[in-house]
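Enquirer: sequence first, then the predicted structure, then my questions.
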Amino acid sequence: MSDYHLYLSVIPEALIASMLEPEAFGAYYAVGRNGRVFGEAIFFEIDPSFRSDDFAFSLADERCVTQPDGAPKSSVYLGIYNVLARIPVSAIGNLYLVTDDGRALELERGDYQPDTEHPLHLYQEFCPKSPMVASRLEPQAFCRSITDPSHPVHLPRIVFSDLNLGELADDPRNGKADDLPYRYISHLRDVLSDFSTNTKDSKLVLKHVRDGVLYRTVRNGFYLGDHEHFAYYPFPSREALQSTYYDWWRSAQIAHFD
């Protein structure tokens, strides 16, 4: 067993070796050693026994040592390009969602049941691209479609979350949207309404999400997969967020460093 952890960051995409435990790594990665780096972080813990010639593991073995002042080595980058597609889904463990002030929420994999209730969905992609996409496909079908190698344009693998649409999921044109925090409601209504006459399964809403990670709008959870493999990480219920995970939830709803 190695003396370091392996983390797959999805914003930005990277494989990182660290001597820090997940919660400490999350705080370091989101805020920095001296509070000089700000921004939410999302990362997976990777099986520490995972090895591949695609990544510079010799750097981890060389540099993940206790520092002269006694501090553990915080991070050693082993890969920064096309990382997600080169790590087997079977080696990817728990997911950590970190707020911009460094509080981490750990999510485990759960059993997935297809969403047959909602006709329309809104997805925030994180890796390897970061658009917001509306779709008539439920999460697993969306994942299979966007990573289908038979399609002329596809991704090898994807990490994304589903976002709350409220009444817009059933009635894009007239449904109430007062409780949705998106800045582009009119545009979102137009995109969703277009599904009634358009045969496309999915449509781009935003090329890039500039509001950071919309934790407060996550509906069911986070998803990782490709055309063959699929993993679901359930998001806690609102009741659990307001009780068990209250500190994290309160932090997730506040932009600390605008």
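Expert: Cool, got the structure. Residues are numbered from 1 along each chain as shown.

Enquirer: rest of the way, CA atoms for contacts and neighbours
Expert: Noted.

Enquirer: how close does Arg238 get to Leu224?
Expert: Distance check for Arg238 against Leu224: by C-alpha to C-alpha, to the nearest Å, it reads 22 Å.

Enquirer: more neighbours: which of those two?
Expert: A count of neighbours by other C-alpha atoms under 10 Å puts Leu224 above the other of Arg238 and Leu224, at 21 against 13.

Enquirer: which residues of the stretch 1-150 of the chain score low on pLDDT?
Expert: Scanning the stretch 1-150 of the chain for pLDDT under 70 picks out 1, 33-38.

Enquirer: show me the strands in it, by range?
Expert: Remark: strands of the stretch 1-150 of the chain, listed N- to C-terminal, are 5-10, 13-18, 41-46, 76-79, 92-98, 104-107, 121-127, 132-135; assignment by DSSP state E, counting those that start in this stretch.

Enquirer: and these as JSON lines, adding distance to Tyr182?
Expert: Rendered in JSON lines, the data for these read as follows (distance: least, C-alpha to C-alpha, whole Å):
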{"stretch": "strand 5-10", "distance to Tyr182": "23"}
{"stretch": "strand 13-18", "distance to Tyr182": "25"}
{"stretch": "strand 41-46", "distance to Tyr182": "20"}
{"stretch": "strand 76-79", "distance to Tyr182": "34"}
{"stretch": "strand 92-98", "distance to Tyr182": "20"}
{"stretch": "strand 104-107", "distance to Tyr182": "23"}
{"stretch": "strand 121-127", "distance to Tyr182": "12"}
{"stretch": "strand 132-135", "distance to Tyr182": "11"}
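
Enquirer: and the ones you listed: which comes nearest Phe55?
Expert: Each of the strands of the stretch 1-150 of the chain was checked against Phe55 via C-alpha to C-alpha, and the shortest separation belongs to strand 76-79, namely 5.5 Å.

Enquirer: quick one: contacts for Leu6?
Expert: Contact criterion C-alpha atoms under 8 Å, 6 or more residues apart in numbering gives Leu15, Ile16, Ala17, Ser18, Glu45, Ile46, Asp47, Pro48 as the residues in contact with Leu6.

Enquirer: what count of nearby residues applies to the fifth one?
Expert: Residue neighbour count, defined by other C-alpha under 10 Å, stands at 20 for Glu45.

Enquirer: quick one, phi/psi of the residue of the chain positioned farthest from its centre?
Expert: If you look at how far each residue of the chain sits from its centre, by C-alpha atoms, centre = their mean, the farthest one is Pro68, at 35.0 Å. The phi/psi pair for Pro68 (degrees, to the nearest 10) reads phi -60, psi -30.
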